[in-house]
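Enquirer: Just the structure for this:
(2 chains)
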There are 2 protein chains.
Amino acid sequence: MAAGEASTRLDDAPRQERAALRYFEDLEDGEHLPALSVTLGEDDIVAFGAAYDPQPFHVDPDAAKESIFGGLVASGLHTLAACTRLVVDGQKGLVVVSGLGLDSVSFSSPVRAGDRLTIDAWWSDLKRSASKPERGFARLNCRIRNQDGVIVADYAYRYLIASRPIT
Amino acid sequence: MAAGEASTRLDDAPRQERAALRYFEDLEDGEHLPALSVTLGEDDIVAFGAAYDPQPFHVDPDAAKESIFGGLVASGLHTLAACTRLVVDGQKGLVVVSGLGLDSVSFSSPVRAGDRLTIDAWWSDLKRSASKPERGFARLNCRIRNQDGVIVADYAYRYLIASRPIT
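Expert: The predicted structure follows:
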């Protein structure tokens, strides 16, 4: 199961380097993922906003000028989604069993079209499941900065990770 | 500003009823939004997963069969995004200044293609800004259930809402 999962993911994610499978035991507390970046275009921001979060400041550049942002800004959910892609690409062969949730998400500064977002993500709270030792819990802490070094979002994922199979 | 924002939003959201503008003062602690529903299709699940969360169990039906889910499941971010649309539609004329973040998000059961998700969302923690009384803070608590009544996600938005303009 684990091998099938990961090889499929690698095939489906051409931006991701083909890498050895990694398991819960391979994670280290405090270990950082690669600092990958993404830039959201205006069309992307408007399309995501129109589909999922049609506040005027996400979908209408003219109305957005009159908002506190003074222009179009990305939905926070769009920022989260785009940065989730960076995390999945950066996990390189890690066998994720499931995402469990997100911890306190703060959108501290607006994200505008053309902003280059870079993720700083690091593991913590690694704990093997007591009832199912073939899995472990892990927290991935994320801080997103724009090209000026301003923090635009802070949050954490809670993941369930596969343990190394006993062979 | 407020009027322009809201009228634009109503124009851009045909599913939303045209309604009177609502402000921070119009919210009541414990007040529920309409219990709107959404169904995610398999193509939507795969497209969202491929763009933002390309784990095999979100993008590859065959690989997903071998996962703990036994089949394709929606990215938790997709569930959040789809339910954010329900919240925005259900807010009916509320003048939102900004989203501030999300509180502890738990994905407690998988969401599969064809599942009908219904939101129960209610306001709490209403607090006018001390430094900027033209705005107020509000928490929107959300519980998402599938067609069998099973809770699939629990979380809350933190919003900044415009106070009623002094005329």
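
Enquirer: does A:Leu102 sit in a helix, a strand or a coil?
Expert: Three-state assignment for A:Leu102 (DSSP: H, G, I helix; E, B strand; the rest coil): strand.

Enquirer: Any idea how many residues pack against it?
Expert: 24 (other Cβ atoms under 10 Å in any protein chain shown). (C-beta placed from N, C-alpha, C; glycine too.)

Enquirer: Kindly report the same for A:Ser104.
Expert: By other Cβ under 10 Å, 13 other residues sit near A:Ser104.

Enquirer: OK, contacts around it?
Expert: A:Asp154, A:Tyr155, A:Ala156, B:Gly101, B:Leu102, B:Asp103, B:Ser104 (Cβ atoms under 8 Å, 6 or more residues apart in numbering or on different chains).

Enquirer: do the same with A:Gly71
Expert: Counted by Cβ under 8 Å, 6+ apart, A:Gly71 has contacts A:Pro61, A:Ala64, A:Lys65, A:Arg112.

Enquirer: how big is the angle separating the helix or strand hosting A:Ser106 from strand B:96-107?
Expert: Element membership of A:Ser106, judged by DSSP states H and E, is strand A:96-107. Counting by axes from the mean of the first three to the mean of the last three Cα atoms, to 10 degrees, strand A:96-107 lies at 160 degrees to strand B:96-107.

Enquirer: Helix or strand next in line after strand A:96-107, which one?
Expert: Past strand A:96-107, the next helix or strand by DSSP H and E is strand A:116-128.

Enquirer: Now do the closest residue to A:Val73 other than its chain neighbours: how many residues are near it, please.
Expert: Counting by Cβ to Cβ, 6 or more residues apart in numbering or on different chains, A:Val73 lies nearest to A:Pro110, which is 4.1 Å off, once chain neighbours are set aside. The tally of other residues near A:Pro110 (other Cβ under 10 Å) stands at 21.

Enquirer: try A:Ala82
Expert: The number of residues packed near A:Ala82 is 22, by other Cβ under 10 Å.

Enquirer: Tell me the spacing between it and A:Ile144.
Expert: 9 Å (Cβ to Cβ, to the nearest Å).

Enquirer: Now do the contacts for the residue nearest the centre of chain A.
Expert: Chain A has A:Thr84 as the residue nearest its centroid, 2.1 Å off, counting by Cα atoms, centre = their mean. The neighbours of A:Thr84, taking Cβ under 8 Å, 6+ apart as the test, are A:Tyr157, B:Tyr52, B:Asp53, B:Ser75, B:Leu77.

Enquirer: repeat for A:Asp115
Expert: A:Thr39, A:Leu40, A:Asn146, A:Gln147, A:Val152.

Enquirer: Mind pulling up the pLDDT for the fourth one?
Expert: In other words, A:Gln147. For A:Gln147, the pLDDT comes out at 98.

Enquirer: My guess is it contacts A:Arg116. True?
Expert: Yes. With contact defined as Cβ atoms under 8 Å, A:Gln147 reaches A:Arg116; the gap is 4.3 Å.

Enquirer: where do the helices sit along chain A?
Expert: A:2-12, A:42-52, A:56-59, A:61-65, A:76-91 (DSSP state H).

Enquirer: Could you tell me which ranges of chain A sit under the pLDDT cut-off?
Expert: Regions of chain A meeting the criterion pLDDT under 70 cover residues A:1-19.

Enquirer: ok, of the contacts of A:Asp115, which come out buried?
Expert: Among the contacts of A:Asp115, those classed as buried by 16 or more other Cβ atoms under 10 Å in any protein chain shown are A:Leu40, A:Asn146, A:Val152.

Enquirer: Pick the one among those residues closest to A:Gly93.
Expert: Within the buried ones among the contacts of A:Asp115, the smallest distance to A:Gly93 is 26.8 Å, found for A:Leu40 (Cβ to Cβ).

Enquirer: so that closest one touches A:Ala82, yeah?
Expert: Yes. With contact defined as Cβ under 8 Å, A:Leu40 counts as touching A:Ala82 (6.1 Å).

Enquirer: joint contacts of the two?
Expert: Joint contacts of A:Leu40 and A:Ala82 (Cβ under 8 Å, 6+ apart) are A:Leu117.

Enquirer: Going by neighbour count, list what's buried in the strand holding A:Ser106.
Expert: By neighbour count on 16+ other Cβ under 10 Å, the buried set for strand A:96-107 is A:Val96, A:Val97, A:Ser98, A:Gly99, A:Leu100, A:Gly101, A:Leu102, A:Asp103, A:Val105, A:Ser106, A:Phe107.
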